[in-house]
Structure formats: structure tokens, C-alpha cells
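> Show me how the following folds:
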Amino acid sequence: MNTVAGRVLAATLALTAAAGLGGASAQQTPIRIGVIYSYSGAPPIQGQLLDAGLNLYAKQHGDTVAGRRIELIRRDDTGLAPDVAKRVATELIVQDHVDVLLGMLLTPNTIAVESVSAAAKVPLLIVNSASSHILERDPYAVRFGYSMPQLTGPLAQWATNDRIKTAYILYQDYGPGVEAATSFTRSFTALGGTILATTPFPVDTKDFSAYIERIKDAKPQAVYAFINGGGTGPLFVHAADAAGFKKAGITILAANDLIAVNELNLASDFSVDLIQVMDYTPSLANATNRAFVPAFGALTDAHLVPDFSAVAAYDALAAVYKAVAAQNGNLDPDKALAFWRGLQFDSPRGPVAIDPKTRDIIENIYVRRIVSHGGRAGMTELQTFPMVRDPTEQ
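Sure, this is the predicted structure:
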């Protein structure tokens with residue numbers, strides 16, 4: 001914030017947040033959590049999954065911690081709109097006097113909100129926004145989702161262990177896609193693999209036929225495809241299947257977004273070899289997840305399957321509850337940050353820890369095979385990489 005108006009805004013945010021905290025303590029007002037997410041401008045299921053994760057934790061643990069009621073105030077950032085995200089974050093702090101911000105789907109929005117969080121000294125708990133190094137912009141930000149290098153490193157290792165030596169990279173041409181391509185290249189080549197070509201494409205692409213032909217002409221053993229959760233991933237998979245990727249011996253490597261867990265049974269048959277990597281899979285056999293999945297499904301009208309963002313929201317809200325309990329019903333932001341640094345707990349995704357130095361998450365990463373037959377799809381777990389850190393932030 002270099003302008004006079006920016007400096008005034010920062011001062012106003014800081015003073016308002018401090019006054020709000022003091023008043024809450026004296027009058028026992030609720031601990032308010034401002035939830036910012038893309039409820040519009042993204043597939044509706046995104047917001048439904050996040051809300052279900054938050055609602056399930058609140059249902060299981062009540063709405064009061066150490067005598068203080070917990071209140072969620074939701075705001076829509078409308079999709080890729082950093083200015084809107086910054087405005088609603090400011091309103092939540094100045095007008096609603098929230099103690100914590102939680103959510104964030106898209107990295108550009110998160111970066112905009114971080115400037116508000118840092119100025120007001122209001123913690124920001126990030127459940128999505130997978131770009132690396134975004135925490136460096138805001139000393140009050142903590143990641144409860146994942147970062148892209150946490151996924152691409154294990155995926156590259158699995159691929160080379162499976163004797164995949166050559167790969168083609170196809171990615172959406174925007175920040176997270178660039179990072180995904182770069183981090184997979186770094187990991188795959190460090191393990192002895194060769195990248196035959198790297199091709200960006202516009203984010204709103206629906207027709208992949210030209211890109212499919214380029215990939216086939218290059219004759220790789222695998223293609224690493226970064227396509228976000230906007231719903232176009234299945235289009236790519238079916239186009240690759242129709243073009244004969246299976247017969248050509250080309251494996252598709254991707255993160256969960258390519259075909260999300262709630263899209264699996266909506267997909268028609270495909271025979272292509274599809275390998276996905278993620279920090280959560282609903283088929284995990286740990287006791288926490290076995291109880292979590294049916295409870296989550298029962299809470300949603302559509303009986304949705306929980307995904308990574310739902311689990312991250314569930315865990316982030318758990319972290320707020322734990323911090324309030326540790327402060328006997330208060331939530332001082334600096335004490336909360338000190339509490340979250342080094343925090344360890346069991347999650348539906350397995351053991352989780354927050355790095356005390358970077359405030360980034362340390363967690364298991366899972367590689368799985370996706371298969372589809374007879375109009376139904378499922379997954380087979382292939383390998384677990386335990387307690388993975390973002391390799392770029394160590």
C-alpha cells in the first residue's frame with residue numbers, strides 16, 4: 001500500500017480489528033469467522049463442498065467453545081475477482097469485526113485478501129489456492145490445503161518408479177498452471193525423466209483435439225495435464241480416450257482437479273490410463289475418515305462425496321476451535337499464530353502438521369488410479385507418500 005488512501009486503509013483495519021477484539025472479550029460477543037469463497041463464478045459444487053465441511057465440524061462439536069459462541073459469516077468473491085475479494089475481506093473486518101478469515105479458492109483472490117489480513121493482523125486460513133510462497137506475503141496466513149509442488153514431486157517419483165521416462169506437459173496458461181508445469185518438470189527431470197514438449201493453452205479451452213494430436217505426434221509415455229476444477233478436465237480425458245491414448249501407451253498424469261471425485265460417476269466410459277495425485281481421497285481407511293465420509297454424505301442434500309477442499313475446511317475450523325479453547329474463550333491473533341505453528345492433529349486425510357517456520361502444511365500425498373467402466377468409475381490407491389512438505393519452501 002503505497003498511496004495515502006492505502007495507508008489510511010491499513011491503519012483503519014488495524015485499529016478496527018483491535019477494537020473488535022477488545023470488545024468481544026469484554027462483552028462476550030461471538031468469535032466471528034469470515035468465510036470467503038467462490039460461491040458464484042465457479043461450479044456451484046465448490047461452495048457446497050466447502051460449506052458442508054464447515055457445517056459438519058460445527059454439527060459434531062457444537063457452536064460454543066470455552067463459553068464463546070462461534071459464528072460463521074459467508075461472503076462470495078464471485079470467482080476470479082481480486083478486487084471483489086479484497087473488498088469483502090475489508091467489509092468482514094471493518095463492518096462485521098471478524099476474528100479470522102477462512103476459505104479462498106483462487107490464488108489471485110488470496111493474494112489480494114492477504115494484503116488486508118496482514119494490515120489488520122487478522123489470521124487468514126487458506127483451504128485452497130495451491131500456489132507456493134503465497135504465505136510469505138502475509139505473516140498471519142496459514143495453509144490448510146496443499147501446494148502444487150507437494151503434489152508434483154510425489155507424482156513424478158511414482159511415474160519414474162513405474163518406468164515412465166518421457167512425458168509431455170499440457171497446462172492452462174495462468175499462474176497455477178505455470179507453477180504446476182514448472183514444478184513437475186523440475187521433479188521429473190531431477191529423477192532422470194525427459195520432457196519432450198511443454199504446451200500452454202487458454203484457460204477457457206473446451207476443444208482439445210489440436211493438443212491431443214500434438215501429444216500423440218510427440219509419442220511420450222505420459223502426459224502431465226494441469227486442468228483446474230472448472231469442469232473441462234473430463235472433456236480432455238474423453239478426447240484423449242477417443243484418440244487412442246491407451247493403444248498408444250500414453251498415461252495421463254494429473255492432480256485431482258482433472259476429474260473430481262464427485263464427477264467420477266457422471267463420466268462416461270473411458271479406458272485411458274489415468275493416474276491422479278492428491279492430499280485426500282475418500283477411500284482412505286483410517287478411522288477418522290471412515291466416520292467422516294458417511295457423516296458428510298448425510299449432511300448434503302445430494303449425498304456428495306467429500307473432496308480435498310471439504311476436508312481442508314473441516315480441519316481449518318478445527319484449528320480455530322482448538323486455538324479458542326487454548327486461549328480460554330479468546331482469540332488473540334498473535335497467540336493464535338503461535339499456537340498454529342507446529343500444530344499436529346489427526347484428519348480424515350491422515351496425520352497433519354503445520355510447519356512452525358513457514359506456516360505451510362505437512363501431510364500425506366496419495367497416488368491413485370482412476371478407472372471407468374459400465375458408466376461407473378472408481379479409484380485404486382497405488383502409493384502413499386508420508387508427511388510431504390512443499391520442497392520449494394524448506
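> how does this protein divide up, domain by domain?
4-146+286-359, 148-278+365-388 (automatic domain parsing).
> what would the ones you listed look like in JSON lines with mean neighbour count and mean pLDDT?
Every residue, glycine included, has its C-beta placed from N, CA and C. As requested, the domains of the chain are arranged in JSON lines below (neighbours: other C-beta atoms under 10 Å; pLDDT from 0 to 100):
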{"stretch": "domain 4-146+286-359", "mean neighbour count": "19", "mean pLDDT": "90"}
{"stretch": "domain 148-278+365-388", "mean neighbour count": "19", "mean pLDDT": "91"}
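> Work out for me the element the residue nearest the centre of the chain sits within.
The chain has residue 128 as the residue nearest its centroid, 2.6 Å off, counting by C-alpha atoms, centre = their mean. For residue 128, there is no host helix or strand (DSSP states H and E).
> list the contacts for it?
Counting by C-beta atoms under 8 Å, 6 or more residues apart in numbering, residue 128 makes contact with 103, 104, 105, 106, 145, 309, 312.
> Could you pull up phi and psi at it?
The phi/psi pair for residue 128 (degrees, to the nearest 10) reads phi -140, psi -130.
> can you give me the helices in the stretch 251-394 of the chain?
Per DSSP state H, counting those that start in this stretch, the stretch 251-394 of the chain carries helices over the ranges 287-299, 308-326, 333-340.
> can you list those in TSV and add distance to residue 222?
Below are the helices of the stretch 251-394 of the chain laid out as TSV (distance: least, C-beta to C-beta, whole Å):
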stretch	distance to residue 222
helix 287-299	29
helix 308-326	23
helix 333-340	38
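> nearest to residue 73, of the ones you listed?
Each of these has some distance to residue 73 by C-beta to C-beta; the shortest is helix 308-326, at 13.2 Å.
> Just the strands from the stretch 1-150 of the chain, written as ranges.
According to DSSP state E, counting those that start in this stretch, the stretch 1-150 of the chain carries its strands in the segments 31-37, 64-65, 68-76, 100-103, 124-126, 141-143.
> Same check on the stretch 151-300 of the chain?
Using DSSP E, counting those that start in this stretch, strands in the stretch 151-300 of the chain cover 166-172, 194-201, 222-226, 251-255, 270-278.
> okay, the first one in PDB with CA atoms only?
What it means is strand 166-172. Extracted C-alpha coordinates of strand 166-172, given in PDB (Å, rounded to 0.1, in the frame of the first residue of the first chain):
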ATOM      1  CA  THR A 166       9.300 -39.500 -21.200                       C
ATOM      2  CA  ALA A 167       6.500 -37.000 -20.700                       C
ATOM      3  CA  TYR A 168       4.600 -34.200 -22.400                       C
ATOM      4  CA  ILE A 169       3.300 -31.300 -20.400                       C
ATOM      5  CA  LEU A 170       0.000 -29.600 -21.200                       C
ATOM      6  CA  TYR A 171      -1.300 -26.800 -18.900                       C
ATOM      7  CA  GLN A 172      -3.700 -24.000 -18.600                       C
END
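> I'd like the strands of the stretch 151-300 of the chain laid out as a markdown table, including distance to residue 294.
Output for these, formatted as a markdown table (distance: least, C-beta to C-beta, whole Å):
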| stretch | distance to residue 294 |
| --- | --- |
| strand 166-172 | 34 |
| strand 194-201 | 39 |
| strand 222-226 | 32 |
| strand 251-255 | 26 |
| strand 270-278 | 20 |
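> nearest to residue 348, of the ones you listed?
Closest approach to residue 348 among these (C-beta to C-beta): strand 270-278, 12.7 Å.
> packing partners for the closest one?
Identification of packing neighbours for strand 270-278 by 3 or more C-beta pairs under 8 Å, 6 or more residues apart in numbering; DSSP states H and E yields helix 148-161, helix 233-242, helix 245-248, strand 251-255, strand 361-373.
> Now do that strand: distance to the chain's middle.
20 Å (C-alpha atoms, centre = their mean, to the nearest Å).
> contact partners of that strand?
Strand 270-278 is contacted from outside by 146, 151-152, 154-155, 158-159, 237-238, 240-241, 245-246, 250-256, 258-259, 308, 365-372, 379, 382, using C-beta under 8 Å, 6+ apart.
> And stretch 53-65, by the same measure?
Contacts for stretch 53-65 (C-beta under 8 Å, 6+ apart): 31, 35, 69-72, 292, 295-296, 299, 306, 309-314, 317-318, 321, 324-325, 329.
> Make CSV from the helices and strands packed on strand 270-278 and add distance to residue 217 to it.
Converted to CSV, those look like this (distance: least, C-beta to C-beta, whole Å):
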stretch, distance to residue 217
helix 148-161, 21
helix 233-242, 14
helix 245-248, 10
strand 251-255, 17
strand 361-373, 25
